[in-house]
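K.L.:
I'll drop the sequence and a predicted model, then ask my questions.
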Amino acid sequence: MEQVWGKVDEYIKDKLMAKDDVLEQTLIKNKQAGLPEIDVSPAQGKLLYLLAKTKGAKRILEIGTLGGYSTIWLARALESGGELMTLEAVSHHAETAQQNIDRAGLAERVTILQGKALDTLSQLKEQDTLPFDLIFIDADKPNNPQYLKWALHFSKKGTVIIADNVVRNGAVLHASDQDERVKGTREFFDLLKQESRIEATAIQTVGEKGYDGFVYGIVK
Ligand code: SAH
Ligand code: DHB
Ligand code: MG
């Protein structure tokens, strides 16, 4: 089936997405810089963009920048005067992303905070950062439970919280798996189950990035 998923993704891209030199260049530059090809797919990037537009987001927080591919999609959806903060631990990733964001003409709207997200998130708290309208969690999966707590901290009523890679080829079912990423994802779901401040669902996805999924939630 993987092959069909990939072909259908190609078909969707062909029908629904305009040719986009900036996004294509971003993927080329990321590859040249040796970044792993774990960005969201074009169809998923456009979904993030559309969800941010539906929300009318003025303030977006992203945890996990990589080369800025999802960042560019999200930042393009911002209302005028809006801003996006994105957190990245690896300086080479952050530098590559900055170049891509500059080329996309989004430098004024996007701030990359380099450092481990748990550190930069506490710094944002100390700075009394305003709540965000949309938060995209897509960094190291073992920390997803912590990132959910932080996301709730930086939320207000109606904030949309999205998390990537919550299915991982079905690995989420493997209760006894010692893989820290699987454990992190399962603890993330456990926390969502007990957390009364958010209503959430998960959407399974297939396509050029294989079989995976997003969590989508709204803060009460
Ligand atoms: N959102 C990106 C993909 C992010 S990949 C896109 O779709 O285009 C995950 C990123 O999280 C990697 O760049 C990795 O370096 C970063 N990361 C890993 N651990 C981190 C941490 N503790 N704090 C911040 N970023 C981290
Ligand atoms: C990985 C991380 C991601 O955000 C993703 O979309 C796919 C894979 C990873 O760390 O392997
Ligand atoms: Mg991801």
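P.N.:
Yep, that arrived. Just so it is clear, the structure is predicted and the values come from calculations on it, not from any experiment. Ligands and ions are numbered 1, 2, ... in the order given.

K.L.:
Can you mark which positions in stretch 29-38 are buried?
P.N.:
Judged by neighbour count using 16 or more other Cβ atoms under 10 Å, the buried positions of stretch 29-38 are Lys29, Asn30, Leu35. C-beta coordinates here come from the backbone N, C-alpha and C atoms, glycine included.

K.L.:
Other residues contacting it?
P.N.:
For stretch 29-38, contacts defined as Cβ atoms under 8 Å, 6 or more residues apart in numbering pick out Leu27, Asp39, Leu66, Gly67, Tyr69, His92, His93, Thr96, Gln99, Asn100.

K.L.:
circling back: so which of the buried residues of stretch 29-38 is the closest to Arg186?
P.N.:
Of all these, Leu35 has the smallest distance to Arg186: 27.4 Å, by Cβ to Cβ.

K.L.:
Next up, identify which helix or strand the spatially most distant residue from the centre of the chain is on.
P.N.:
In the chain, counting by Cα atoms, centre = their mean, Ser176 sits farthest out from the average C-alpha position, at 26.8 Å. Under DSSP states H and E, no helix or strand contains Ser176.

K.L.:
where along the protein do the helices fall?
P.N.:
Counting by DSSP state H, the chain has helices at residues 2-16, 21-32, 42-55, 69-76, 91-103, 117-126, 144-153, 180-194.

K.L.:
how big is the angle separating the shortest one from helix 42-55?
P.N.:
Just to be clear, that refers to helix 69-76. 30 degrees (axes from the mean of the first three to the mean of the last three Cα atoms, to 10 degrees).

K.L.:
ok, helix 69-76 near ligand 2 or not?
P.N.:
No: using Cβ under 6 Å from any ligand atom, helix 69-76 never reaches ligand 2; the gap is at least 9.0 Å.

K.L.:
what's that helix packed up against?
P.N.:
If you count contacts as 3 or more Cβ pairs under 8 Å, 6 or more residues apart in numbering; DSSP states H and E, helix 69-76 packs onto helix 21-32, helix 42-55, strand 59-63, strand 83-88, helix 91-103, strand 134-137.

K.L.:
Export only the CA atoms of the second one, formatted as PDB.
P.N.:
Think helix 42-55. Written as PDB, here are the backbone C-alpha positions of helix 42-55 (Å, rounded to 0.1, in the frame of the first residue of the first chain):
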ATOM      1  CA  PRO A  42       3.500  19.000   1.300                       C
ATOM      2  CA  ALA A  43      -0.100  17.900   1.800                       C
ATOM      3  CA  GLN A  44       0.400  17.900   5.600                       C
ATOM      4  CA  GLY A  45       2.100  21.300   5.400                       C
ATOM      5  CA  LYS A  46      -0.900  22.700   3.500                       C
ATOM      6  CA  LEU A  47      -3.200  21.200   6.100                       C
ATOM      7  CA  LEU A  48      -1.300  23.000   8.900                       C
ATOM      8  CA  TYR A  49      -1.600  26.200   6.900                       C
ATOM      9  CA  LEU A  50      -5.300  25.800   6.400                       C
ATOM     10  CA  LEU A  51      -5.900  24.900  10.000                       C
ATOM     11  CA  ALA A  52      -4.000  28.000  11.100                       C
ATOM     12  CA  LYS A  53      -6.100  30.100   8.700                       C
ATOM     13  CA  THR A  54      -9.300  28.600   9.900                       C
ATOM     14  CA  LYS A  55      -8.200  29.600  13.400                       C
END
